[in-house]
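> For reference, the sequence and a predicted model appear below.
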Amino acid sequence: MSHCCSHGPVRSDITLNVAGMSCAHCKKAVETSVGVLPGVSKVEAIVDQGKVNVSFDPSKINLDDIKKAIEDAGYDVQE
Ligand SMILES: [Cu+2]
């Protein structure tokens, strides 16, 4: 029997390179500013690698909004 709900929420998992994070405060600032966005289910900043892992629902928010939130918090998102 096939599952009836294959149209569940779509999720994207991405890793952004973010410059300027240097301590636990930076980690928290980035995670908080991204975490409050609608559609973001998970965010983890890895300060010593300069990376931020984000899981989000692309039907609710797009990548540009996530980048903007990080930049608004004072950090640079690099492509
Ligand atoms: Cu810091």
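Received it, and whenever you're ready, just let me know what you need. Residues are numbered from 1 along each chain as shown.

> Please, which helix or strand holds residue 15?
strand 12-19 (DSSP states H and E).

> Which strands border that strand, and is each parallel or antiparallel?
strand 51-56 (antiparallel), strand 76-78 (antiparallel) (DSSP bridges).

> what's next to the last one, contact-wise?
Among residues not part of strand 76-78, those counted as contacts by C-beta atoms under 8 Å, 6 or more residues apart in numbering are 16, 17, 18, 19, 20, 67, 70, 71. Just so you know, the C-beta spots here come from the backbone N, C-alpha and C atoms, and that holds for glycine as well.

> Give the rounded mean pLDDT of that strand.
Taken as a whole, strand 76-78 has a mean pLDDT of 97.

> Could you list the contact residues of the chain toward the ion?
Within the chain, the positions adjacent to the ion are 22, 23, 25, 26 by C-beta under 5 Å from the ion.

> What subset of the residues you listed is buried?
Among the residues of the chain next to the ion, the ones that count as buried by 16 or more other C-beta atoms under 10 Å are residue 26.

> Check the residues of the chain next to the ion and tell me the two furthest apart.
Pairwise distances across the residues of the chain next to the ion (C-beta to C-beta) peak at 8.6 Å, for the pair 22 and 25.

> Now do the end-to-end distance for stretch 54-61.
Chord length of stretch 54-61, first to last residue, is 12 Å (C-alpha to C-alpha, to the nearest Å).

> Please identify the buried residues of it?
Neighbour-count burial for stretch 54-61 [16+ other C-beta under 10 Å]: 54, 56, 61.

> Please apply the same query to stretch 40-55.
Applying 16+ other C-beta under 10 Å to stretch 40-55 flags 40, 43, 45, 47, 50, 52, 54 as buried.
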